[in-house]
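Q: Just to be clear, the model below is a prediction. Sequence and coordinates:
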Amino acid sequence: MIKKDKYKLEYLSSLFISIAAALLIGGIIMWLYGKNPLLGYQAMFAGAFNSQYRFATTLAKMVPLVLTGLATAVSFRSGIYNIGGEGQLYLGAFAAAYVGITFTNLPGYLGILLAVVAAAAVGAAYAYIPAVLKVYYQIDEVITTIMLNSVAIFFTGYLVNYPFATSQGKMGGTDMVAEGYQLSRLVRLSDLNSSIFMVALIGIAIYYLLEKTTLGYDFKMVGQNKDFADYGGVNSKKRMITAMLISGGLAGIAGSFEVLGTHFRFLQGISPGYYFDGLLIALIVKNNPIGIIFMSFFFAALKTGSMSMEMATEIPSELVLIIQSVIIFFIAGEAGMKKIIKGFFKKGEQL
Amino acid sequence: MAEELIRFEKIRKEFPGVVANNDIDLTINKGEIHAIVGENGAGKTTLLKILYGMHQPTAGKIYIEGQEEKIASPAQAIKMGIGMVHQHFMLIPSFTIAENIVLGYEPRQKSIFTDFKKAEKITEQLQAEYGLAVDPLQKVEDVSVGIQQRIEILKVLYHGAEILILDEPTAVLTPQETEELFEVIKTLVKEKNKTVIFITHKLNEVMNISDRVTVMRDGKKLQTMATESATKEKIAELMVGREVLLSELERDSKQGQVRLEVQQLKARDNRNLKAVKDISFQVHSGEILGIAGVEGNGQSELVEVIAGLRELESGKIIINDQDLSESSSGEIRRNGVAHIPEDRLKNGMSKEATIAENLLMGKQYQKDFAANKVHLKQQAVKKEAANLIEEFDIRTPSAEVSAGSLSGGNMQKMVIAREFSFDSPILLISQPTRGVDIGAIEFIHNEIMKKRNEGCAVLLVSAELDEIMRLSDRILTIYEGQITGEFENNKDLSKKEIGLYMTEKRGEAN
Amino acid sequence: VILETEAVQAESELKVALVVSGGLGDRSFYDSSAEGVEWAEEDFGIDSRVLECRNDPSLFRDRLIQGSMYGDVVVVVGFEFYDVVQTVAPEFPEVEYIYVDNNVEGYDNITSIIYKENEGSFLAGALAAMMTTETEVPNITAEKTIGMVGGMDIPVIRNFQVGYQEGAKYIDSETKVETVFAGDFEDPAQGKESALTLFSQGADVVFAAAGKTGEGVFQAAAENKKYVIGVDADQRYINPDVIIASVVKAVNVSVYESIERIINDELDSGSLYTYGLEEEGVYIGYGTEAMEQIVPAEIKEKVQTIKEKIISGEIEVSTAY
Amino acid sequence: MEEILLRIFNLSVIQNTIRTSTPLILAALGGLLTMQADILNIGMDGMILIGAFFAVLGSYLFASSLMGVAFAVLSGIIIGLFFSFMVVKLKADEFIVGIAINIFAGGLTVFLLRTIFGVKGAFSSDQIIAIPRINIPFLENINFLNVIFNNHSVTVYISWLLVILVTIFLYKTPYGMWLRAAGEYPEALDTVGVSSQLMKHFSSVMCGIFTGLAGAHLSLGYLTLFSEGMSADRGFIALAAIIFGRSHPVKTFGAALLFGFFDAVGMRLQGVGVPAQFSKAIPYLFTVIALFIIAKRHLNKKDKTALETAN
Ligand SMILES: Nc1ncnc2c1ncn2[C@@H]1O[C@H](COP(=O)(O)OP(=O)(O)OP(=O)(O)O)[C@@H](O)[C@H]1O
Ligand SMILES: Nc1ncnc2c1ncn2[C@@H]1O[C@H](COP(=O)(O)OP(=O)(O)OP(=O)(O)O)[C@@H](O)[C@H]1O
Ligand SMILES: [Mg+2]
Ligand SMILES: [Mg+2]
């Protein structure tokens, strides 16, 4: 028990060290570029946290990241790799918009519920295709999900340009969802809306599912050794499909919140690759649900903060991308680097 | 006359938290067959991997023909004429036998292309020279473990090895194959002047073939002695640190009703070939039914079908008077069947998961461990793990470490602990002591017998005829997917007779 | 106190934020808006900042707010801001918004600017239809086929398409107009492939309404000795041998003029400015005078006539909206 | 009807296919080498982008397309080494590193575009020398062959040549055997004295070189410019081709061609009234359907052999 905690602590500390090292390198890049890294980071920090609006913006950016991160975690833990969350998100978002513009007379909470459930159902249904192909036909889900992403994005693009095209505003988008279904904004100006509470609930639910339930245990065992699970009486095929359905559902819900909480309609290109951000986050924290929440917060802060950094110091936004990837490289290589450094010191001792 | 070939001097190897080799001094003579024995985790494999350049010793020196040598890599070891056949085969499944043999030292054409024709020829020559028949163009994934063993040896010989290290070469071989292997080893030593070091858990083999034997325990070398001057009992005692009595097991004779019955069972193997052809039998409570057969004759598939892990083609499986022919593995478990699988790493456990998680498998939906089949009761899970670790003497610092960090013998104990803890009336047991040291074998045999005496119906499959004969009440022989004979186990039953029923030559027995 | 500081600011410099939905460097639409701001900077000494959203909808609101916090005037470029600008502008009543490429009504501080791109592309269609039978121009065949490469199948581009087709049919109803949507505004390779497809179908003049994807169209034309009509900015300078003309949306001019109006206090805040042929907000550009003209003078004249007819209302151009 | 079909399927479709698939082929050949060494490289898209940038840089600076290609290859080697350093040496998750490389490439190229060339968006110039095209005179008389096989840029022919070379390398040379062994069972390779890690590094560097070439082809062979994000997900499609072709060079080549073909057909379908969004989705949808058909046939075949052996 003590040992486990010690490992956790060690992992956390090395995570922080790698983030710090990455920020250091980012600082060096800024410095080489002739900018004051301290000012840059100060602006970044201020930009992410400094006012109610900014903090709220950071929180708002967390919403899709947490959901897509959890979607990744559920599937990856179960040994079925859902890379198709982006497509599921698009279809889910569209489904929510469809509900929001079609059934406009329901009481608000009911309409929202219906839209979210429809999004989850559609996302799950779309995830069901690669799941079945994987489980019953042994077709690699990585490729099918990537392909189906594009299909969904183009398909929704068609829908909002033709049958569901809005008459307002010359955009590739649907009409606005009924006013009653628009999630209330929490902080003046910012996108932050009540979906964050639902995300908190979903986060707790998924944490509970993965860490404290029989199904979560089954998922983990299937992911670690499918043959072992089957041998132990766990139907690995069903579990994989279940995991994929949950994953697709979560991605769909992420889409619905973009519609109900942020844009109030479905827009072409509604997600700038949220699912891939979420995937990255989940991988970094090794599919740990709590870790996903913290890492999403970090990534969201990086995203909002980098804008202020850009404004305040005129550091180009590309540089921010570079710094971001350096951070990821450091975190990804953390374990290996630690080993090498340890080995280095060990050698030193011997000499 | 005994000419020193290799000398280990104060060889020490530390892994994080473990001293695998603790200052070992050992000499290997030229032209001898040197057996190394010891409990699981004693450090045998580690020591020889150091010789083969796969591990670097933390301290100590190795002398070869009196010269101190640093063996930095397998490539270097190969150059020095050292070859090793590993405990787990090191063959590329999708490559042909010839390709595997020449891998790393390919004959070439125009210096950059592999000369496949020549590789084939080399294989032909080698197999003719050493009498180890293989088909060069077959893929490794399509051949039996026995053949794979041959390929490994041919590969080492192709490398020009003068010193052959064999790490538990007989663990997966049938008695016949073992015999053949020993013939080969003997000729290698006598006619080709090779030196052989081999690790084994089977003391019969030590007595049978080795010139000298070294016993290891807990990373230390205890003693090296001439085999002539040793006895099995003495070696066993040295190894385990106490007397080991593989004596007659106590058995109550109160057989009961039929628990497990299979009727005209048919099933296919992974390559979709017929593996089980029309097999029928019954197992009663309080009975151990042993299935004796050369590996690859359908016994693995038979057990998998009964356990619900393999589709059955036709036939019936009746468990506790219920027809469960079409049932899933889960249903079969819930209806009172526990199963110790033949390959613990493949499906008996998850290496990444903790020991506690491994011990929970199959029980996660039980009331004791889950509220409403949903909420896992962590405390109960922990407690169960602690109990089983204690009861089955699983050597581990904690139930929360990953199961992959256990030694092979302890992994097996973990699997057995889990399966026996279901209190299932029916036990399917496959190769329960494979790769397990003699102390653990004694323990496992006792546990199986205890279960039998408690009234369980046990179906036992083992490649070890000794094991079958020691434990079973009744023995079925299996050959090419069919039952070829049935025997009551008693003192008159000879190994030889059963052995014949396990092969094509069974006609001669009649 | 507040009034005082405001007065001081007004005397010093006007701050203008330019918020674009895409990214600069497209050598057409967005660059053109930035050019307008630059002109204003030179002429009026304003202070400016550019905020790019790089087609990431999650950035729209935040960038617009950042721009609003910085600027006295925010120039918002991109139809995509339709919703966002309507929710942000009321929160910054003291900020003046110039919203380019879409029409928002009913806000005191949002002035919309839209373009009749269909009128411009009508002329382009007519021009292309005339050129495609002009066999005296090198490499033009008698076949009556022209093409268009659209970036994506979205309303603005369809508005171009509608005008282009009508213009071509106006010249000769038998002219075939083939359209390919590349599916991306930032994939020049796909643009090139689309153009090559059109060339293989017999088109010898292709209208590229595709942002950066258009760069590939230019190269395809250069290799095959075919011709292209550029878009948004006068793109002839990019390759005067193949880009024979451009449908210019004078975003630069309209942005510049709007800032000028604000400085001179002439802006009709909250109204809609429509830039069509008549307002010279949309026109056909033939590059600078120094460039050798590929389009024959008669055709230019004809285009001029059609232009007048559109302005006079004699010709009505449909729209896709 | 016939006219419509003729509009869709004609010689130009084949030309179109060849052009569209070349960068996919080049990248996929690299990616399949890492795949054979058991590394899934989803950073290929970023690698292509970096290659495309440095190709333009080299060509522009030295007024030589060869230097452009050399720059692209060099950048590929560096990024490939970095990738394998992370994945093989530091044992970092290849997924994470791959995604990070894509992000990094997006940032780096734009950043360099701005700092070196002082432009945003795209850079084209007369001083960028394109990779030359090859004219094979004797083909000129045979219309059909001429249209398909003649007058492509050198990289197109190189890509075909590389399909053959990679096949030979993988299946006819010891090094290829080692690489495959390193992917299938690295310990086994190690025990015969060949470092599996070295082979993995090697495969990654080769992947860098090939994706670099793919980038060079995009920016110097096919187009003569660099534009932000011009790889446009081709790395992912290449990855799909690899999986589709089960990492075999010839099959992967076929998959890349198939993809290019569907893309070409899709483009022409727009001309007969199919909405652009559908025509764009066709290559992706067909990939999934084709995989399904193949898998189904495979399963059927298995059933059939079962039947045969039963009798
Ligand atoms: N690579 C490794 N890293 C860490 N510990 C190891 C490693 N290899 C072996 N060990 C540990 O070293 C000890 C000796 O292991 P070794 O494999 O040499 O035992 P063995 O005598 O061959 O046992 P067996 O009979 O089960 O094969 C064990 O405690 C084992 O867990
Ligand atoms: N091993 C088990 N013991 C007790 N109940 C179980 C077990 N496995 C599943 N269940 C119950 O069945 C419910 C439905 O699970 P599901 O239908 O997926 O089972 P399954 O995995 O298909 O089992 P099987 O294939 O063995 O029938 C589970 O939520 C649980 O309540
Ligand atoms: Mg061992
Ligand atoms: Mg013509």
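A: Noted; the coordinates are in hand. Ligands and ions are numbered 1, 2, ... in the order given.

Q: Can you tell me which helix or strand of the chain has the lowest average pLDDT?
A: Using chain A. Ranked by mean pLDDT, DSSP states H and E, the weakest helix or strand in chain A is helix A:334-350, scoring a mean of 67.

Q: for the chain, what spans make up the helices?
A: Looking at chain A here, since you left the chain open. A:2-32, A:37-49, A:52-77, A:85-102, A:108-137, A:141-161, A:195-212, A:214-224, A:226-231, A:236-257, A:274-284, A:289-313, A:317-332, A:334-350 (DSSP state H).

Q: Oops, wrong one, chain D.
A: Going by DSSP H, chain D shows helices at D:2-8, D:11-36, D:44-62, D:65-84, D:94-112, D:143-149, D:154-172, D:174-184, D:186-191, D:196-216, D:234-244, D:249-269, D:276-310.

Q: OK, contacts around whichever residue of chain C sits closest to chain D?
A: Nearest to chain D, among the residues of chain C, is residue C:25, at 1.8 Å (Cβ to the nearest Cβ). (Glycine included, C-beta is placed from N, CA and C.) Counting by Cβ atoms under 8 Å, 6 or more residues apart in numbering or on different chains, residue C:25 touches C:31, C:212, D:119, D:120, D:121, D:122, D:228.

Q: Tell me the one among those nearest to ligand 4.
A: residue C:212 (27.3 Å; Cβ to the ion).

Q: domains in chain B, as residue ranges please.
A: B:4-240, B:258-351+B:406-413+B:420-509 (automatic domain parsing).

Q: nearest to residue D:89, of those?
A: Closest of the domains of chain B to residue D:89 is domain B:4-240, at 17.2 Å (criterion: Cβ to Cβ).

Q: Compute the first-to-last residue distance for that closest one.
A: Using Cα to Cα, to the nearest Å, the end-to-end distance of domain B:4-240 comes to 29 Å.

Q: Quick check: closest non-adjacent residue to residue B:123.
A: Nearest residue to residue B:123 in three dimensions, chain neighbours excluded: residue B:136, at 3.9 Å (Cβ to Cβ, 6 or more residues apart in numbering or on different chains).

Q: ok, that neighbour touching residue B:118?
A: No: Residue B:136 is not in contact with residue B:118 according to Cβ atoms under 8 Å; the separation is 10.9 Å.

Q: Tell me which of the two has more neighbours.
A: Comparing residue B:136 with residue B:118 by other Cβ atoms under 10 Å in any protein chain shown, the one with more neighbours is residue B:136, at 22 against 15.

Q: for that one, what are its contacts?
A: Counting by Cβ under 8 Å, 6+ apart, residue B:136 has contacts B:96, B:97, B:98, B:101, B:119, B:120, B:123, B:124, B:127.

Q: any chance you could map the strands in the stretch 101-250 of chain C?
A: For the stretch 101-250 of chain C, the strands defined by DSSP state E, counting those that start in this stretch cover C:110-115, C:145-150, C:176-181, C:205-209, C:227-232, C:243-249.

Q: Which among those strands is found nearest to residue D:89?
A: strand C:176-181 (45.3 Å).

Q: quick one: that closest one to helix D:249-269, angle?
A: 130 degrees (axes from the mean of the first three to the mean of the last three Cα atoms, to 10 degrees).

Q: any bit of strand C:176-181 sitting next to chain D?
A: Yes: using Cβ under 8 Å from any Cβ of the partner chain, strand C:176-181 reaches chain D at C:178, C:179, C:180, C:181.

Q: Next up, the contacts around the residue nearest to residue D:186 when sequence neighbours are not counted.
A: Distances taken as Cβ to Cβ, 6+ apart put residue D:196 closest to residue D:186, at 3.5 Å, once the chain neighbours are dropped. If you count contacts by Cβ under 8 Å, 6+ apart, residue D:196 has them with D:181, D:182, D:186, D:187, D:189, D:190.

Q: Next, count neighbours for the fifth one.
A: Burial measure for residue D:189: 27 neighbouring residues, criterion other Cβ under 10 Å.

Q: Can I get stretch B:163-179 in CSV? Just the C-alpha atoms.
A: Extracted in CSV, the C-alpha atoms of stretch B:163-179 (Å, rounded to 0.1, in the frame of the first residue of the first chain):
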residue,chain,number,x,y,z
ILE,B,163,29.3,-24.8,-25.6
LEU,B,164,25.5,-25.4,-25.6
ILE,B,165,23.4,-23.9,-22.9
LEU,B,166,19.9,-25.5,-22.7
ASP,B,167,17.5,-23.8,-20.4
GLU,B,168,14.8,-26.3,-19.4
PRO,B,169,14.8,-27.9,-22.8
THR,B,170,12.5,-30.7,-21.8
ALA,B,171,9.8,-28.7,-20.0
VAL,B,172,7.6,-28.8,-23.0
LEU,B,173,8.7,-32.1,-24.6
THR,B,174,7.0,-35.4,-24.6
PRO,B,175,8.8,-38.4,-23.1
GLN,B,176,9.7,-39.6,-26.6
GLU,B,177,11.0,-36.2,-27.6
THR,B,178,13.0,-36.0,-24.4
GLU,B,179,14.5,-39.3,-25.1
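
Q: list the buried ones in that stretch?
A: B:163-175, B:177-178 (16 or more other Cβ atoms under 10 Å in any protein chain shown).

Q: Check what contacts the helix or strand hosting residue B:383 and list those residues.
A: Here residue B:383, judged by DSSP states H and E, is contained in helix B:378-391. For helix B:378-391, the external contacting residues (Cβ under 8 Å, 6+ apart) are A:212, B:355-356, B:359-360, B:363, B:368-369, B:394, B:396, B:399, B:414, B:417-418, B:421.

Q: Now list the buried members of these.
A: Buried, going by 16+ other Cβ under 10 Å: B:355-356, B:359-360, B:363, B:369, B:394, B:396, B:399, B:414, B:417-418, B:421, out of these.

Q: Could you check how many residues crowd around the closest residue to residue B:167 other than its chain neighbours?
A: Spatially, and ignoring its direct neighbours in sequence, residue B:167 is nearest to residue B:87 (4.2 Å; Cβ to Cβ, 6+ apart). By other Cβ under 10 Å, 19 other residues sit near residue B:87.

Q: For residue B:87, which three-state class applies?
A: coil (DSSP: H, G, I helix; E, B strand; the rest coil).

Q: which residues does it contact?
A: Taking Cβ under 8 Å, 6+ apart as the test, what residue B:87 contacts is B:45, B:167, B:168, B:171, B:199, B:435.

Q: try residue D:134
A: Per Cβ under 8 Å, 6+ apart, neighbours of residue D:134: D:150, D:151, D:152, D:153, D:154, D:157.

Q: How confident was the prediction at residue C:300?
A: On pLDDT, residue C:300 comes in at 96.

Q: Okay, now the unreliable bits of chain D?
A: For chain D, applying pLDDT under 70 flags the ranges D:1, D:302-311.

Q: typed the wrong thing, it's the stretch 1-150 of chain A
A: For the stretch 1-150 of chain A, the ranges with pLDDT under 70 are A:1-7.

Q: Mind doing that once more with 50?
A: A:1-3 (pLDDT under 50).

Q: For it, which residues are neighbours of chain D?
A: A:129, A:133, A:137-140, A:142-144, A:146-148, A:150.

Q: Whichever of those end up buried, select them in ChimeraX.
A: This is the ChimeraX syntax for the buried subset of the residues of the stretch 1-150 of chain A next to chain D, where burial follows 16+ other Cβ under 10 Å:
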select /A:129,133,139,140,142,143,144,146,147,148,150
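
Q: This completes my enquiry, with thanks.
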